[in-house]
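[1] attaching a predicted model along with its sequence, questions to come.
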Amino acid sequence: MQEYLLEFEQVYYTYPGSQQSTLNGLSIKIPAGKKCALIGQNGCGKTTLFLLANGLYKPNSGIVSWCGKPLIYNRQDLSKIRQKVGLVFQDPEQQIVASTVEEDISYGLCNLGLPTAEIKYRVEQVLIEFGLTKLADKPVHHLSLGQKKRVSIADVMVLKPQLLILDEPTAYLDVKHTRNLMKTLKQIHQDGNTLLMATHDLDLVYRWADWVFVMDKGQLMLEGTPEDVFCQQTLLEELELGVPLIYEMLFDGLSPEEEIIIERVRQRILKDS
Ligand SMILES: Nc1ncnc2c1ncn2[C@@H]1O[C@H](COP(=O)(O)OP(=O)(O)OP(=O)(O)O)[C@@H](O)[C@H]1O
């Protein structure tokens, strides 16, 4: 039976001072062990969902649960949920707090009050895993954007979250750094973690995700495997989201011969992902 890590049930959220609610009865369940993608227009509420997911914001009404238990908004429980739900912001500058890479990665562990030897061990492991050992003593503000993104994921992964949430992780990255990042995420998933990524890159969603959520105006409109979701061309066009390039071609009225070739390409994309 499918287990769910994080669940939102009829969640409403309005930013203080705002006239309009951002989440409008959002119900969504994040399945354990999957690579989930979250798509939706700018401003539909993806980042807001993430900020409620790890307890940074509290719903005005509705329930946010972790492994079937509603979150309790006290200091102790929030500290626990923030270890289980790791949130990587779109802009690494929002996340990086210390002056060197090593200090930055150890920051969260120091806050947890772990023994020095354990902090040292875990930081060393993560530096190796993320290929950051050579950069350990480097000032963070000397790093490239791709390196900063890697550090911001390492900052979160060192806390061993069960669910890693990434807000547009490939934004502004070039092809090489996007590929490296996707390799890193593949490894994180193979290590048994659940991933939830917001992105506007539908081709990436098609290649990478095994479950897709579609949001609009603070609500969940559609969910399913990439194949099931991207078949819903009419709805996706209504939501002004479009479809991955390969589906655009398939929907484009191909000749039977062309259809066979595109279908082969589609199978190849899925095989390589
Ligand atoms: N601090 C805030 N105060 C008031 N309104 C906010 C605040 N942060 C976000 N909003 C509003 O909430 C809505 C949802 O924003 P959110 O950042 O969650 O969208 P998003 O789906 O992540 O967008 P994008 O794809 O552009 O990142 C937008 O209308 C935004 O203007």
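    That came through, no problem.

[2] got any ranges where the protein has weak pLDDT?
    By pLDDT under 70, the weakly predicted segments of the chain are 251, 270-273.

[3] can you pull out the helices in it?
    46-53, 75-84, 101-111, 116-129, 145-157, 175-190, 202-208, 226-230, 233-238, 245-250, 256-272 (DSSP state H).

[4] with mean neighbour count and distance to Val11 added, can I get the ones you listed in TSV?
    The C-beta positions use only the backbone N, C-alpha and C, and glycine is treated the same way. TSV is the format used below for the helices of the chain (neighbours: other CB atoms under 10 Å; distance: least, CB to CB, whole Å):
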stretch	mean neighbour count	distance to Val11
helix 46-53	22	7
helix 75-84	14	15
helix 101-111	20	26
helix 116-129	15	32
helix 145-157	22	23
helix 175-190	15	26
helix 202-208	19	23
helix 226-230	19	22
helix 233-238	13	22
helix 245-250	18	30
helix 256-272	12	33
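
[5] could you dump those helices to CSV with distance to the ligand?
    Shown next, in CSV, are these (distance: least, CB to the nearest ligand atom, whole Å):
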stretch, distance to the ligand
helix 46-53, 3
helix 75-84, 19
helix 101-111, 23
helix 116-129, 27
helix 145-157, 16
helix 175-190, 18
helix 202-208, 13
helix 226-230, 17
helix 233-238, 16
helix 245-250, 20
helix 256-272, 24
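
[6] how about those helices in CSV, adding distance to Leu6?
    Shown next, in CSV, are the helices of the chain (distance: least, CB to CB, whole Å):
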stretch, distance to Leu6
helix 46-53, 6
helix 75-84, 9
helix 101-111, 20
helix 116-129, 23
helix 145-157, 15
helix 175-190, 16
helix 202-208, 19
helix 226-230, 20
helix 233-238, 25
helix 245-250, 29
helix 256-272, 27
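
[7] between those helices, which gets nearest to Val214?
    Across the helices of the chain, Val214 has its closest neighbour in helix 226-230 (6.4 Å, CB to CB).

[8] mind listing residues that contact the closest one?
    Applying CB atoms under 8 Å, 6 or more residues apart in numbering, the contact partners of helix 226-230 are 37, 202, 205-206, 209-210, 212, 214, 222-223, 236, 243-244, 247.

[9] let's see 10 Å
    The contact list for helix 226-230 (CB atoms under 10 Å, 6 or more residues apart in numbering) reads 37, 39, 202, 205-214, 221-224, 235-236, 241-244, 246-248, 250-251, 266, 270, 273.

[10] stretch 256-272 now?
    Contacts to stretch 256-272, defined as CB under 10 Å, 6+ apart, come from residues 203, 206-207, 226-227, 244-247, 249-250, 252-255.

[11] now find how far off-centre that stretch is within its chain.
    28 Å (CA atoms, centre = their mean, to the nearest Å).

[12] do I have it right that Gln2 meets Thr194?
    No - between Gln2 and Thr194 there is no contact under CB atoms under 10 Å: 11.7 Å.
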